[in-house]
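> here is a sequence with its predicted model. Questions after.
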Amino acid sequence: MSYIKNIRLNYFRNYETASLNGIERGFIVLTGANGAGKTNLLEAISYVSPGRGLRNAKATELQNGNFSNEMWGVATQVDTEFGEIKIGTGRNPKNDRRLIKIQGEPVKSQTALAEYLSCIWVTPQMDGLFRGGASDRRRFIDRLLLTYDPAHAGRTTRYENALSQRSKLLKDDTRKADPAWLKALEVQMAETGIAIAAARLAFLERLQKACLQNKGNSFPLARLSFKGLMENHLQNKAALEVEDLFLEELERSRQIDAVTGGASVGPHRTDLDVVYDEKNIGAAQCSTGEQKALLMGLILAHARLLLADQGRAPIMLLDEVAAHLDEERRATLFSIIRDMKSQVWITGTDEQIFSSIKNEGQFFVVADGKIA
């Protein structure tokens, strides 16, 4: 099981410098007032895994504004199946982008981090996931898929680059656009787009099976499916056939896409549909408490899936989760996490809600960017 043993922050968000050493597996409880820096610490940890962190922030947004001449950085020592590995990330002074180092050596791609550990999280900002726009749910499921299949990042990047270039070409003037270049971009979109849709479908099938373990416990069973033209076609057509259909649709929609921007069809339009199985109602129609329980159930199912398929549970970052669960669900949450033997960072303003695990976790108080 991979877990963080030591972590040091420099000029990150509201921190000047802060460090935690001798961290173990199990529960790491961070308490303190709102605005103290608890979420910022979880965000720093999230950058040890691939992606743009739990706030989806740009590298320049992570800089402590009081030390703008310094470069923010996060340095960790991670216990892994390969031994102790040093992983660091920070702001690159040459281009203000994110720089990643493993064992002191720069790496070209964030996907290299996935070899050593993965992180999943729940934050208060995710409370509106089921009532928000399709893009929120799409990013959510893609994030889960990324921890399961790191190659998904490359597929989505290639697709988004081709989509952006095609949009720019069409916007300039479809009559003057180079037909060969336009066709090449659409072929790339078709190939990578169908690969994205196929990967999502395969992952969702496995996640659904993992969700079945929620049946009978305090977290409701979610029934999952995709709403997307490409995903629907892949249910009963071969991938190459669906590629051709997508390519034909891209050619037909050029005039419309030149006006509206983007592309009218494709995996970037897909939505994740979540249904509360026992009540047979969509998650968007559930109460706030039920939505929180559905979301937490999905996260726990994903953690079980990673543990079963990869032999290691992810590091879990749970921001202000426990306070919004009733006592029964809180006890179930702690029990499931305990059984997975994962490292779990969990925050709250009231230490009392963690009283049931006070003898099996490490407790820290966060105040004004300092950790005690």
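Looks like it arrived, so ask away. Numbering: from 1, shown residues only.
> in the protein, which segments are predicted with low confidence?
Low-confidence segments of the chain (pLDDT under 70): 174-176.
> which residues in it form helices?
38-46, 134-148, 152-173, 179-211, 229-234, 239-252, 254-260, 288-310, 327-340 (DSSP state H).
> residue ranges of each domain in this protein, please.
Using automatic domain parsing, the domain parsing of the chain gives 1-117+312-372, 127-310.
> could you tell me the end-to-end distance of the first one?
End-to-end distance for domain 1-117+312-372: 26 Å, by CA to CA, to the nearest Å.
> go on, stretch 115-122?
Across its full length, stretch 115-122 reaches 22 Å between end residues, using CA to CA.
> buried ones in it?
Going by neighbour count (16 or more other CB atoms under 10 Å), the buried part of stretch 115-122 is 116-122. For every residue, glycine as well, the C-beta is placed using N, CA and C.
> ok, back up a step: I'd like the helices of the chain as CSV, with distance to residue 100 and mean neighbour count appended.
Converted to CSV, the helices of the chain look like this (distance: least, CB to CB, whole Å; neighbours: other CB atoms under 10 Å):
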stretch, distance to residue 100, mean neighbour count
helix 38-46, 13, 24
helix 134-148, 15, 19
helix 152-173, 13, 17
helix 179-211, 24, 19
helix 229-234, 32, 20
helix 239-252, 33, 16
helix 254-260, 35, 14
helix 288-310, 21, 20
helix 327-340, 27, 17
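> which of these sits closest to residue 221?
The minimum distance between residue 221 and the helices of the chain falls on helix 179-211, with 6.0 Å, by CB to CB.
> hang on, residue 212 packs against residue 221?
Yes. Between residue 212 and residue 221 there is a contact at 6.8 Å, judged by CB atoms under 8 Å.
> which of those two has more neighbours?
Neighbour count, other CB atoms under 10 Å: between residue 212 and residue 221, residue 221 has more, with 19 against 12.
> how many residues are close by the residue nearest to that one when sequence neighbours are not counted?
With sequence-adjacent residues excluded and distances taken as CB to CB, 6 or more residues apart in numbering, residue 221 is closest to residue 277, at 4.2 Å. Applying other CB under 10 Å, we find 17 residues neighbouring residue 277.
> returning to what we had before: of all the helices of the chain, which lies closest to residue 2?
Set against residue 2 and scored by CB to CB, the helices of the chain come closest in helix 288-310, at 10.1 Å.
> quick one: distance of the closest one to the chain centre.
Here the centre of helix 288-310 is set off from its chain's centre by 13 Å, with CA atoms, centre = their mean, to the nearest Å.
> export it as CSV, just CAs?
The C-alpha coordinates for helix 288-310 follow below in CSV (Å, rounded to 0.1, in the frame of the first residue of the first chain):
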residue,chain,number,x,y,z
THR,A,288,-29.1,16.9,-0.3
GLY,A,289,-28.3,14.2,2.3
GLU,A,290,-29.0,11.4,-0.2
GLN,A,291,-26.8,13.1,-2.8
LYS,A,292,-23.9,13.3,-0.4
ALA,A,293,-24.4,9.6,0.5
LEU,A,294,-24.5,8.7,-3.2
LEU,A,295,-21.3,10.6,-3.9
MET,A,296,-19.5,9.0,-1.0
GLY,A,297,-20.7,5.6,-2.0
LEU,A,298,-19.2,6.1,-5.5
ILE,A,299,-15.9,7.2,-4.0
LEU,A,300,-15.8,4.1,-1.7
ALA,A,301,-16.7,1.8,-4.6
HIS,A,302,-13.9,3.3,-6.7
ALA,A,303,-11.4,2.8,-3.9
ARG,A,304,-12.5,-0.9,-3.6
LEU,A,305,-12.1,-1.2,-7.4
LEU,A,306,-8.5,0.1,-7.3
LEU,A,307,-7.7,-2.2,-4.4
ALA,A,308,-9.1,-5.2,-6.1
ASP,A,309,-7.6,-4.6,-9.5
GLN,A,310,-4.3,-2.9,-8.7
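> next step: the buried residues of stretch 115-122 restricted to strands.
Under the assignment DSSP state E, those contribute 119-122 to strands.
> coming back round to it: and which of the buried residues of stretch 115-122 is nearest residue 129?
Distances from residue 129 to the buried residues of stretch 115-122, taken by CB to CB, are shortest for residue 122, at 9.7 Å.
> so the closest one touches residue 293, yeah?
No. Contact criterion CB under 8 Å: residue 122 and residue 293 do not qualify, at 11.3 Å.
> just to check, residue 213 is in contact with residue 305?
No. If you go by CB under 8 Å, residue 213 and residue 305 don't touch, sitting 9.7 Å apart.
> and the two most separated of the ones in strands among the buried residues of stretch 115-122?
Within those, two members stand farthest from each other by CB to CB: 119 and 122, at 11.4 Å.
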